[in-house]
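Asker: Fold the following for me, if possible:
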Amino acid sequence: MTLIFVVFTVISMSSCSSSSDEGEEYTAGFELEIDQDNPNLVNLTNTSEGEYLYLQWNYGNGNSSSKETDKTSVRSIHYPQKGTYEITLTVWGLRNSLTDTKTITKTVSIENDDPDYVQGETLVWSDEFNGTSISSDNWTFETGDGGWGNQELQNYTNGDNAEIVDGKLIITVRKVNDNKLAGSYTSTRMITWGKQEFTYGRMEIRAKLPSGTGVWPAIWMLGANLDQVGWPACGEIDIMEYVGFEPNVIHATVHTPSGYAGDGNGNSKTLETCEEEFHTYGMIWDKDKIQFYTDSQENVTHTYSPANKTANNWPFNKPHFFILNIAVGGTWGGLQGIDNSIFPQTMEVDYLRVYQ
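Answerer: Residues are numbered from 1 along each chain as shown. The predicted model follows:
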């Protein structure tokens, strides 16, 4: 059992100004706690009160944030190496001036190195879904019931089918009627386009999948130049796809102009408990290859590495963004029909993490 000490003592709390001439007052404050599932992850919750404009964090590990307007989301910071770290929150008052700021510093002690930490890698972004709502700094909901290029039948809603519960993202697909037509189901498709985009790295997503004939969940990425060059020229990376009519088989695939749709380059793997338990779906992506794995880097699902890289077979040297969704029916998910008795169904996501 790992022993962890968190020092909640405030090292410093200072104000560069008193309240403004108009009488607005605010206080700086935050809470920190070690994540129950990961002793190298520290969750930070803003508790500042009053009227103020921005928050700005210094995490004590060489990283800091810019001014942020999000005052409610829980920030989850990875500290892969044991040590003592001073975390400082600066709160900017309504005058948006250094003379109108307040700061508070707290100390946290990490007792052990992260055994999963790869030397030379840094956790550059994650969403641990530890807040009370889905972060608009990370995600946008795409909406509509136009089939999404695959003759799918779900209507993607503007957040009505996604929520945070007990530190996990829950995407729920619901049946509206028994007609099995476009709009007969509601679901979620959420993307990080324009907000969180990455070129190369190790990506990991821990998730538990829905079940039943007709569901088609996916954890995937598209090139951020989609609006300029279209699909498949932008590139598509399917970290995990699953079709409910084929239980316990996961799929990892890439789509490029040289091979897309049914001719994508990929592989499948049996995973007996993917509907009942959480598993980690990972990808190592560098200038030479994309390698997919499940639960550990040694458990490889598929490797894509064309020897002679061209724009047609390697559009993966540019930023890509994440997509999480559950489709219903469609050209693949609906190959064996839809069982309307299975709904509602959920995909649960514990976290997304990007290391570089």
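
Asker: residue boundaries of the strands in the stretch 101-250 of the chain?
Answerer: Counting by DSSP state E, counting those that start in this stretch, one finds strands in the stretch 101-250 of the chain at the ranges 101-110, 123-127, 140-141, 154-156, 162-165, 168-175, 185-187, 189-191, 197-198, 201-208, 215-223, 236-241, 249-255.

Asker: Which one of those strands lies nearest to Thr45?
Answerer: strand 101-110 (11.6 Å; Cβ to Cβ). Where you see a C-beta, it was placed from the backbone N, CA and C, and this is true even at glycine.

Asker: picking up where we left off before, nearest to Gly230 among the strands of the stretch 101-250 of the chain would be which one?
Answerer: Comparing these under Cβ to Cβ, the one sitting nearest is strand 215-223, at 9.8 Å.

Asker: what is the orientation angle of the closest one with strand 236-241?
Answerer: For strand 215-223 against strand 236-241, the angle by axes from the mean of the first three to the mean of the last three Cα atoms, to 10 degrees is 150 degrees.

Asker: how far is strand 215-223 from where the chain is centred?
Answerer: Offset of strand 215-223 from its chain centre (Cα atoms, centre = their mean, to the nearest Å): 12 Å.

Asker: got the angle for that strand vs strand 168-175?
Answerer: If you take the same axes, to 10 degrees, strand 215-223 sits at 120 degrees to strand 168-175.

Asker: what about strand 215-223, average pLDDT?
Answerer: Strand 215-223 carries an average pLDDT of 98.

Asker: What of stretch 233-252?
Answerer: The model assigns stretch 233-252 a mean pLDDT of 98.

Asker: buried sites along that stretch?
Answerer: Neighbour counts over stretch 233-252 (16 or more other Cβ atoms under 10 Å) mark 233-245, 247, 250-252 as buried.

Asker: Run through the helices of the stretch 201-350 of the chain in chain order.
Answerer: 226-229 (DSSP state H, counting those that start in this stretch).

Asker: still on that earlier bit, next, format the strands of the stretch 101-250 of the chain as JSON lines and append distance to Asn265.
Answerer: Shown next, in JSON lines, are the strands of the stretch 101-250 of the chain (distance: least, Cβ to Cβ, whole Å):
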{"stretch": "strand 101-110", "distance to Asn265": "41"}
{"stretch": "strand 123-127", "distance to Asn265": "27"}
{"stretch": "strand 140-141", "distance to Asn265": "28"}
{"stretch": "strand 154-156", "distance to Asn265": "27"}
{"stretch": "strand 162-165", "distance to Asn265": "30"}
{"stretch": "strand 168-175", "distance to Asn265": "27"}
{"stretch": "strand 185-187", "distance to Asn265": "27"}
{"stretch": "strand 189-191", "distance to Asn265": "23"}
{"stretch": "strand 197-198", "distance to Asn265": "21"}
{"stretch": "strand 201-208", "distance to Asn265": "18"}
{"stretch": "strand 215-223", "distance to Asn265": "14"}
{"stretch": "strand 236-241", "distance to Asn265": "10"}
{"stretch": "strand 249-255", "distance to Asn265": "5"}
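
Asker: Tell me which of these sits nearest to Ser65.
Answerer: Judging the strands of the stretch 101-250 of the chain by Cβ to Cβ, what sits closest to Ser65 is strand 123-127, at 11.8 Å.

Asker: so His78 makes contact with Trp125?
Answerer: No - using Cβ atoms under 8 Å, His78 makes no contact with Trp125, being 10.0 Å away.

Asker: Minimum distance to Thr303: which of the strands of the stretch 101-250 of the chain has it?
Answerer: Nearest of the strands of the stretch 101-250 of the chain (Cβ to Cβ): strand 249-255, 9.6 Å.

Asker: could you give the angle of that closest one to strand 215-223?
Answerer: Inter-element angle recorded for strand 249-255 and strand 215-223: 30 degrees (by the same axes, to 10 degrees).

Asker: And for strand 249-255, what's in contact with it?
Answerer: Residues from elsewhere that reach strand 249-255 (Cβ atoms under 8 Å, 6 or more residues apart in numbering): 231-232, 235-243, 261, 264-271, 274, 281, 283, 290, 292, 294, 301-302, 304, 316.

Asker: Pairing partners for it, with directions?
Answerer: Using DSSP bridges, the strands paired with strand 249-255 in its sheet are strand 236-241 (antiparallel), strand 265-270 (antiparallel).

Asker: Run the chain-centre distance for it.
Answerer: 19 Å.
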